[in-house]
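J.: Build me a model:
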Amino acid sequence: MERATLAGVAATVAVALAAVTAVATASAAPADRAGTAEATEATGLSTTAAVPLDELGVSTTQVAFGLQRPTAMIAPDDGSGRLFITEKAGRVRVYHPDSGLAAEPLLDLSAAVDVSGNERGLLGIATAPGFAADPAIYLAYTALPDGMVTLSRIPLTAPDEQPVPVDREEVLLAQPHVEFANHNGGQLAFGSDGYLYWSIGDGGGADDVLGTGQDLGTLLGKILRLDVSGACGTLPYCVPADNPFVAEPGARAEIWAYGLRNPWRFSFDPADGSLWIADVGQGSYEEVNHLRGVAGANLGWSCREGPVEFNPDRCDPAAQYVDPIFHYQTSVGGCAVIGGHVYRGSASADIATGTYLATDYCSAAAYAIRPNAAGGYDSAVLGELPIQPTTLGVAADGEFYLANDLPGQLHRISFVAQEPEPEPDCQVGYLVNSDWGAGFTTAVTVTNTGTEPIDGWSLAWSFVGAQQIAVAWNAVAVQDGASVTATNAAWNAMIPPGGTVEFGFLGSSDGSGAGPAPTEFTLNGLPCLASSAAATAS
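T.: A predicted model of the protein is given here:
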């Protein structure tokens, strides 16, 4: 994950959800930018929900507590209905919806795990498909004594063995990560091809100080693809023959994707095998990437951060950078994106199928992204999830769970259908037609855009400065501080569908004139659309 320390989190958690919503909605990107890899075209999935995102919401139910800084979770493929949940210190806990969170850990690797620094620890877990027949747990963690990021396998004698002795651990691969404690990555997941994918951050510090993002000679700043079904030569794993850089001199053959800063969480869509990657930003943009069968994709760091250039010295004019399909400003939408999953469950299949859900450690906003038929993506904020989320998981039945950091809780996530915001039935034109510094006159037009007549109206707005209404015509205006209410006169109370009424007023100010025109109005207590006429006449 990311951010400097937890001490500053409290201030960031207060990010306004309204601002987050505006940013998220505006930042949905088209499928590709001209010049990016052709293989990343985004077409709509074959199975997507009919409910648009603006009619979708989320709710959560706490189902367990007592976790100690949870970091990842996985549902083993054994029909047990369990969730395995990792804790930063090195333990794996077991949750079952019938019996809750087991008091004793499934295994305890804490003697081998380096927890110095906020971002080190036991970071990822995976179980291979067919866990019932081949029970083994794969773990990603930072190892003592120096924080080397490590991938290991621990075989079980039976799927329900508990506790699991850790002296069976087989270290498969270790990458030096000694200079800095942050940017460890740590996600593990098996793809539909049966290979194990592992994300590693860029080595930490700031600004890609080690220069690893675009360097194919290191595993830092990459997603790896490994065949862990057996050993090859002196290696305890094999490199798939179709990995993109197998034949490239100087490149590490294990690399599948590169140009990543800190891909704390990625996941595969079980419907089509596509890869969703959430990459934590430097401080300007958090981003989500979507790759469909793309080998060797360059996600841009540290030439690029999110949709913009970050360090031109790291850019290659011949490179093909894959743009994020979704991004938001770090300072506005949170502090560290927490990648999630594409929903393929049954409980909310009619409303949420095909929806990718992610969140953010500081804002806890529920970011939803969905491919659309036009080849781009729709996005929305569906609400707010519990604070300090660190991981989103999928149970065996396809339903979503969330674990959060210092609260140490486990929550079940549900999707809910909600009524879309009604379109306003009125429109307001606000035109300042004269302004002489100490005073101004304004004409206001109210149009009934609905299908029913309005019998009696009351229009309300607020001034943003020191404006005061002196006298009004064709309406009765009352002002309380900055708030104004204008009520119909006896002769213009009725506004038929498509009809308009106009009133005006003489105003005064402290010498600053009419000031900016109001942009928000309510008519009889309901929102009213401000038209382009809400301006000052030239």
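
J.: Doesn't residue 153 lie inside a strand?
T.: Yes. Judged by DSSP: H, G, I helix; E, B strand; the rest coil, residue 153 forms part of a strand.

J.: In this structure it contacts residue 137, no?
T.: Yes. Judged on CB atoms under 8 Å, residue 153 makes contact with residue 137 at a distance of 7.2 Å. In short, each C-beta sits where N, CA and C put it, glycine included.

J.: More neighbours: which of these two?
T.: Between residue 153 and residue 137, counted using other CB atoms under 10 Å, the more crowded position is residue 137 (26 against 19).

J.: which residues does that one contact?
T.: Neighbouring residues of residue 137 by CB atoms under 8 Å, 6 or more residues apart in numbering: 84, 92, 107, 125-127, 153-154, 156, 164.

J.: And these, which of them are buried?
T.: Buried residues within the contacts of residue 137, counting neighbours by 16 or more other CB atoms under 10 Å: 84, 92, 107, 125-127, 153-154, 156, 164.

J.: So which of those are in helices?
T.: Among these, no member is found in helices (DSSP state H).

J.: mind putting those residues in JSON lines, distance to residue 230 and pLDDT included?
T.: As requested, those are exported to JSON lines (distance: CB to CB, whole Å; pLDDT from 0 to 100):
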{"residue": "84", "distance to residue 230": "24", "pLDDT": "98"}
{"residue": "92", "distance to residue 230": "24", "pLDDT": "98"}
{"residue": "107", "distance to residue 230": "23", "pLDDT": "98"}
{"residue": "125", "distance to residue 230": "21", "pLDDT": "98"}
{"residue": "126", "distance to residue 230": "17", "pLDDT": "98"}
{"residue": "127", "distance to residue 230": "17", "pLDDT": "97"}
{"residue": "153", "distance to residue 230": "11", "pLDDT": "98"}
{"residue": "154", "distance to residue 230": "17", "pLDDT": "98"}
{"residue": "156", "distance to residue 230": "18", "pLDDT": "97"}
{"residue": "164", "distance to residue 230": "21", "pLDDT": "97"}
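
J.: and of those, the nearest to residue 223?
T.: residue 126 (13.4 Å; CB to CB).

J.: quick one: that closest one and residue 188 touch, right?
T.: Yes. Using CB under 8 Å, residue 126 is in contact with residue 188, at 3.8 Å.

J.: shared neighbours of the two, which are they?
T.: Joint contacts of residue 126 and residue 188 (CB under 8 Å, 6+ apart) are 138, 196.

J.: returning to what we had before: relative to residue 347, which of the contacts of residue 137 is nearest.
T.: residue 84 (21.6 Å).

J.: quick one: that closest one from residue 258, how far?
T.: Distance, residue 84 to residue 258, using CB to CB, to the nearest Å: 29 Å.

J.: Can you report how many residues neighbour residue 98?
T.: So residue 98, with other CB under 10 Å, has 5 neighbours.

J.: Ramachandran angles for the closest residue to it other than its chain neighbours?
T.: In space, and not counting its chain neighbours, residue 98 is closest to residue 81: 7.6 Å by CB to CB, 6 or more residues apart in numbering. The phi/psi pair for residue 81 (degrees, to the nearest 10) reads phi 80, psi 10.

J.: just residue 308 next, same as before
T.: The phi/psi pair for residue 308 (degrees, to the nearest 10) is phi -120, psi 160.

J.: where's it relative to residue 330, distance?
T.: 12 Å.

J.: and if you look at residue 129?
T.: Counting by CB to CB - residue 129 and residue 330 are separated by 36 Å.

J.: ok, the two, which is more surrounded?
T.: More neighbours surround residue 330 than the other of residue 129 and residue 330, with 25 against 13 (other CB under 10 Å).

J.: about what we covered before: pull up the overlap in contacts between residue 308 and residue 330.
T.: Common neighbours of residue 308 and residue 330 (CB under 8 Å, 6+ apart) are 284-285.

J.: Now residue 291: closest residue in space that isn't a chain neighbour?
T.: Residue 291 sits nearest to residue 275 (CB to CB, 6+ apart), 4.5 Å away.

J.: Ok, residue 107 next?
T.: Nearest residue to residue 107, sequence neighbours excluded (CB to CB, 6+ apart): residue 164, at 4.1 Å.

J.: Identify the residues contacting the one you found.
T.: 106-107, 137, 154, 156.

J.: circling back: with distance to residue 358 as added columns, please give the buried ones among the contacts of residue 137 in CSV.
T.: Shown next, in CSV, are the buried ones among the contacts of residue 137 (distance: CB to CB, whole Å):
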residue, distance to residue 358
84, 21
92, 24
107, 29
125, 19
126, 19
127, 23
153, 28
154, 29
156, 31
164, 31
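
J.: taking the residues you listed one by one, which sit in strands?
T.: Among the buried ones among the contacts of residue 137, the members found in strands (DSSP state E) are 84, 92, 107, 125-127, 153-154.

J.: Considering the residues you listed, which is situated nearest to residue 206?
T.: residue 125 (28.3 Å).

J.: for the closest one, what are its contacts?
T.: 72-74, 84, 86, 92, 137-140, 188 are the contacts of residue 125 under CB under 8 Å, 6+ apart.

J.: Can you turn the buried part of those residues into a PyMOL selection?
T.: Entered in PyMOL, the line below selects the buried ones among the contacts of residue 125, by 16+ other CB under 10 Å:
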select buried, resi 72+73+74+84+86+92+137+138+139+140+188
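
J.: from the contacts of residue 125, which is closest to residue 490?
T.: Nearest member of those to residue 490, counting by CB to CB, is residue 73, at 66.6 Å.

J.: Show me the shaky parts of the protein.
T.: Across the chain, residues meeting the criterion (pLDDT under 70) sit at 1-47, 532-538.

J.: try 90
T.: Low-confidence segments of the chain, defined by pLDDT under 90: 1-51, 128-129, 293, 331-332, 418-424, 436-438, 464-466, 509-517, 519, 531-538.

J.: can you tell me which of the buried ones among the contacts of residue 137 lies nearest to residue 267?
T.: Taking CB to CB as the measure, residue 267 lies nearest residue 126 of the buried ones among the contacts of residue 137, at 11.2 Å.
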